[in-house]
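Trainee: turn this into a model:
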Amino acid sequence: MNSTKGRNHGPIICQRRRKEETRDKSRRCRDRSRRSVEKRTSETLDEAAKKRRGWRATAESSALLQLKRGFTFTDELNTWIPETNYCIWEGVTCDDQWRHVISLNLSDKHINGTIHPSLFNLTSLRTLVFSNNVFFGKSISDYGWERLANLSILVLHNAGFVGKIPVGLSRLTKLTSLDLSISSFEFHNLSFTVKPTYLRNMSNLRDLYLDNVDLSAYGNEWCSALVNFTLPLEVLSMSNCSLFGVFPKKILQLRNLRYLDISNNPMLYGSLPDFSLDNNFGSLILSDTNFFGNLPNTIGNLMFLRNLILSSCQFSGRLPSSIGNLSKLVILDLSNNSKLHGPIPSSLFQLSELSILFLALSILVKPWITGNYNKARCTGGYVKDVVGDRPHECKARAGGVGRGLEAQGTGTRCKVLVDAQDAEEGHRVLGN
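Mentor: Modelled structure (predicted):
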């Protein structure tokens, strides 16, 4: 017989329910307590973040004002006023969240004086531009560049700086564009006096402008450095830099390269490679160098080319007919290449975009210049004849032997025969 039969279980059930209610109440209390702690912690963090932002704002505003005090001409920085929003000051750009200064563009402000070291307290800078100012006689700071670790664009073009370019720039490993070029052709105010091995740290560099910067100390090593460090170059401008030695063909075959100017380096040698179809050249400027050899037939693969300037070189042979494939060509300068010979390909004058053509002292046979021009000028050649499909609609005015001719028509097809053997300066054709 079951001894528990008929026993009253009510008190036991009530006790269990009270225990469960107690546990639930305790759990709710713990949850409320945890949420309260989390809220206080969050508020504390927010306050700390606000304090950090406020401190940062004070630090960056102070750095900018110190920078301004180093300038002796600041009329164009009249918005730089203490206790105002520095993010809307002239030339200053901040990010939206933290109000860090990420861009400082002070180009064309007629600024002179000195650059205060406080510049290097703007550690969030991505873009720094001081181009076209008048820091005459001042050198670029040697120290502090390592603090601008986020800098990707540095433009000091034509700012008036002199002296040695600091090695500290090599610490700017995120640079994509570096412009230290100078407009003056006569003076080398800036110079590199260290080996260009620092380029190995600039693996992101796409645009490099060093025109009129003196590279003579290691002028024969720059070209190999540009190849060996496999930079993703799109623009390489090194005119009048005292480069010398052999210019590597590999640079001319970089797929991303769209602008190359190494002109006015008379001790620089090289020849043109075969060009592939997957190139992006828009401008190729090799004038006043010692480039030599034939123009390759594959030059017709430069389908995006607008400017081809090869004057005062040592090119030889005939002009390839494929040059007529350069449908976007605007300027062609082959002047002063006395070893070039043979006829000018007629396809050259069917290029609708071609507006400037220089062939002085290059083509040594009688070329026919054919084109549909409403106005054309051929200068420096000895004009022998002008004919047209309907000559009475084509007027010609001679300027004398060696002076050229101006022909105006009414849309008719005119041919101008120029005897380049009698020319002292060759000829130029300017289209509409």
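Trainee: which residue ranges of the stretch 101-250 of the chain form strands?
Mentor: Secondary structure of the stretch 101-250 of the chain (DSSP state E, counting those that start in this stretch): strands at 101-105, 127-129, 153-155, 163-164, 177-179, 190-191, 207-209, 235-237, 244-246.
Trainee: how about the contacts made by Ser347?
Mentor: 321, 323-325 (C-beta atoms under 8 Å, 6 or more residues apart in numbering). Just so you know, the C-beta spots here come from the backbone N, C-alpha and C atoms, and that holds for glycine as well.
Trainee: let's see 6 Å
Mentor: Residues near Ser347 by C-beta atoms under 6 Å, 6 or more residues apart in numbering: 321, 324.
Trainee: ok so, going back, among the strands of the stretch 101-250 of the chain, which comes closest to Met303?
Mentor: strand 235-237 (18.9 Å; C-beta to C-beta).
Trainee: just to revisit the earlier point, nearest to Leu64, out of the strands of the stretch 101-250 of the chain?
Mentor: strand 101-105 (7.2 Å).
Trainee: helices and strands around the closest one, which ones?
Mentor: On a contact count with 3 or more C-beta pairs under 6 Å, 6 or more residues apart in numbering; DSSP states H and E, strand 101-105 meets strand 92-94, strand 127-129.
Trainee: give me the distance from the last one to the chain's centre.
Mentor: In this case it means strand 127-129. 13 Å (C-alpha atoms, centre = their mean, to the nearest Å).
Trainee: who touches it?
Mentor: 103-105, 107, 153-155.
Trainee: in its sheet, what does it sit against?
Mentor: strand 101-105 (parallel), strand 153-155 (parallel) (DSSP bridges).
Trainee: ok, Leu226 - contacts?
Mentor: With C-beta under 6 Å, 6+ apart, Leu226 has these contacts: Ile251.
Trainee: which SS state does the closest residue to Gln350 other than its chain neighbours fall under?
Mentor: Closest residue in space to Gln350, ignoring its immediate chain neighbours: Gly324 at 6.4 Å, by C-beta to C-beta, 6 or more residues apart in numbering. For Gly324, the assignment made with DSSP: H, G, I helix; E, B strand; the rest coil gives helix.
Trainee: just for the stretch 151-300 of the chain, where's the confidence low?
Mentor: 185-188, 230 (pLDDT under 70).
Trainee: quick one, helices of it?
Mentor: 222-228, 249-252 (DSSP state H, counting those that start in this stretch).
Trainee: may I see the buried residues of the shortest one?
Mentor: Within helix 249-252, the residues that qualify as buried are 251-252, counting by 16 or more other C-beta atoms under 10 Å.
Trainee: just how off-centre is it within its chain?
Mentor: Using C-alpha atoms, centre = their mean, the offset of helix 249-252 from its chain centre is 18 Å.
Trainee: packing partners of that helix?
Mentor: Contacting helix 249-252 under the criterion 3+ C-beta pairs under 6 Å, 6+ apart is no other helix or strand.
Trainee: dump that helix to CSV, restricted to CA.
Mentor: Provided in CSV are the C-alpha atoms of helix 249-252 (Å, rounded to 0.1, in the frame of the first residue of the first chain):
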residue,chain,number,x,y,z
LYS,A,249,63.3,50.3,-72.3
LYS,A,250,61.3,48.7,-69.5
ILE,A,251,60.2,52.1,-68.4
LEU,A,252,58.8,52.8,-71.9
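Trainee: hang on, the earlier thing: can I get the helices of the stretch 151-300 of the chain in a markdown table with distance to Ser239?
Mentor: What follows is these, written out as a markdown table (distance: least, C-beta to C-beta, whole Å):
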| stretch | distance to Ser239 |
| --- | --- |
| helix 222-228 | 13 |
| helix 249-252 | 15 |
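Trainee: for Ser316, find the nearest of those.
Mentor: Nearest of the helices of the stretch 151-300 of the chain (C-beta to C-beta): helix 249-252, 17.5 Å.
Trainee: turn the helices and strands packed on strand 101-105 into TSV, including distance to Pro296, mean neighbour count and mean pLDDT.
Mentor: Listed next are the helices and strands packed on strand 101-105 as TSV, based on distance: least, C-beta to C-beta, whole Å; neighbours: other C-beta atoms under 10 Å; pLDDT from 0 to 100:
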stretch	distance to Pro296	mean neighbour count	mean pLDDT
strand 92-94	46	19	96
strand 127-129	39	18	98
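Trainee: which among those is found nearest to Asn336?
Mentor: strand 127-129 (37.0 Å).
Trainee: surely Phe247 touches Asn220?
Mentor: No. Here Phe247 does not reach Asn220: they are 10.5 Å apart, not a contact under C-beta atoms under 6 Å.
Trainee: higher neighbour count, the two?
Mentor: Phe247 (25 against 14; other C-beta atoms under 10 Å).
Trainee: residues in contact with Ala217?
Mentor: Thr193.
Trainee: go again using 7 Å as the cut-off
Mentor: 192-193 (C-beta atoms under 7 Å, 6 or more residues apart in numbering).
Trainee: and Tyr218, by the same measure?
Mentor: Counted by C-beta under 7 Å, 6+ apart, Tyr218 has contacts 195-196.
Trainee: same deal with Lys174?
Mentor: Per C-beta under 7 Å, 6+ apart, neighbours of Lys174: 149-152, 204.
Trainee: with Ser152 instead?
Mentor: If you count contacts by C-beta under 7 Å, 6+ apart, then Ser152 has 126-127, 174-176 around it.
Trainee: over to Thr74?
Mentor: Applying C-beta under 7 Å, 6+ apart, the residues contacting Thr74 are Lys68.
Trainee: nearest to Gly137, of the strands of the stretch 101-250 of the chain?
Mentor: Among those, strand 163-164 sits nearest to Gly137 (C-beta to C-beta), with 9.0 Å.
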